[in-house]
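> Structural data only, the sequence is not supplied:
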């Protein structure tokens, strides 16, 4: 077995377990780190960008919406157009375009130009995730999916641990433009590392002699759609609140602006702990583990909403939220890859990316709308309500599946 050959056993003879691709997955995690940092960096720099560009904070929050909306609109078409392009090549191209979009944002003279650069970045981000979402599934056998996905998705948690907090600190110290330019340069270096160290993979859609894939005829299509719907609803709630976490920390929790970066760092560290739990404990039973993560997230956010100015309770709740939410992306992605057949795995990754970013963009937009209606203090309750919907849907489908089988 070569690094470019995915692990699929089609005979009755037990397959020899290949070496675990640590280096490739670590490089993939680094690429995820850069991509997520680029997507979310406006949240930590929201007040700074608002002041310099002369627009309101909700309009800066909409930069996240526009980025995510571009992902939603363009991911599936771009994935279809590039389905025969090698997966590793697409990751390199996507990272290069993301790097360019960051540098252009740093040089943008006004809000409209920044908006345009975020559209460019969103297009690259969507294509990136349509490939990355399934890449771990091509590198390892099904038995190793939970561990492989946790490692590759770890970059996203690390973005919250280091990327966004450091970007926020850099922006506060030297201006948001330097923060954008810096992450752009690092992303270009990341593209070179991917080209050098990430093993190439085969994918069914890219095979010249592959038969057309009929998604609706695949028996795993409905379970994939259920995972995507749960993902979308959860992320709408999450980013209704998280997009505006910087002003929430100062205006509702009553902490100084200097506390934003440390709070985001603590949130990210808690998320990294949640990621470890997802790859070790929760990943053993994906459905039950996902339900536990959803409920724990709701408890953390509710505690923060109820006692925002009681430091011991609010900070503990903030950390519980971060830890539980850190487990959600790997748990959702693992369940997706367990649900999808190997032939629709790339298509499922595209749908999942679209659902995830529909949630991010929809949440940022909903938060902007509700910002002046329910106020900052009301946003976490919207998150709690949508988490209840997601958890109910997950449990209901699990019960239906058990009855049917």
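Cool, the structure landed. These numbers come from a predicted model, not from an experiment.
> The stretch 151-300 of the chain: helices as residue ranges?
Using DSSP state H, counting those that start in this stretch, the helices of the stretch 151-300 of the chain run over 164-174, 176-197, 221-242, 245-247, 260-280, 286-306.
> Relative to the whole chain's centre, how far out is the fifth one?
Translated: helix 260-280. Distance of helix 260-280 from its chain centroid, counting by CA atoms, centre = their mean, to the nearest Å, is 14 Å.
> for the second one, same thing?
Taking the mean C-alpha point of helix 176-197 and that of its whole chain, the gap between them comes to 18 Å (CA atoms, centre = their mean).
> So for that helix, what gets flagged as buried?
Residues of helix 176-197 classed as buried by neighbour count (16 or more other CB atoms under 10 Å): 176-177, 179-184, 186-188, 190-191, 193-194. To be clear about C-beta, it is placed using only N, CA and C from the backbone, and glycine gets the same treatment.
> before we move on, back to that, the helices of the stretch 151-300 of the chain: which one's closest to residue 25?
When these are compared by CB to CB, helix 176-197 sits nearest residue 25, at 10.4 Å.
> which secondary structure elements does the closest one contact?
In terms of contacts (3 or more CB pairs under 8 Å, 6 or more residues apart in numbering; DSSP states H and E), helix 176-197 is packed against helix 22-44, helix 46-53, helix 87-107, helix 164-174.
> Pick the most buried one from those.
helix 22-44 (a mean of 24; mean count of other CB atoms under 10 Å).
> Kindly reformat the helices and strands packed on helix 176-197 as TSV and extend each row with distance to residue 308 and mean pLDDT.
Output for the helices and strands packed on helix 176-197, formatted as TSV (distance: least, CB to CB, whole Å; pLDDT from 0 to 100):
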stretch	distance to residue 308	mean pLDDT
helix 22-44	18	87
helix 46-53	18	89
helix 87-107	32	94
helix 164-174	20	85
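> so what's the backbone phi/psi at residue 243?
Main-chain torsions, residue 243, degrees, to the nearest 10: phi -60, psi -30.
> Tell me the predicted confidence for it.
Looking at residue 243, its pLDDT is 84.
> Report the separation between it and residue 347.
29 Å (CB to CB, to the nearest Å).
> between the two, who's got more neighbours?
residue 243 (33 against 23; other CB atoms under 10 Å).
> mind listing what residue 274 touches?
Listed by CB atoms under 8 Å, 6 or more residues apart in numbering, the contact set of residue 274 reads 157, 293, 322-328.
> how about the nearest residue to it, chain neighbours excluded?
Nearest non-adjacent residue to residue 274, counting by CB to CB, 6 or more residues apart in numbering: residue 326, 3.1 Å away.
> Now do the helix or strand of the chain at the bottom of the mean pLDDT ranking: everything it contacts.
Within the chain, no helix or strand scores below helix 145-158, which has a mean of 74 by mean pLDDT, DSSP states H and E. With contacts defined as CB under 8 Å, 6+ apart, helix 145-158 is touched by 20-22, 25-26, 28-36, 132, 135-137, 139-140, 268, 271-272, 274-276, 278-279, 283-284, 286, 326, 329-330, 333-334, 337-338.
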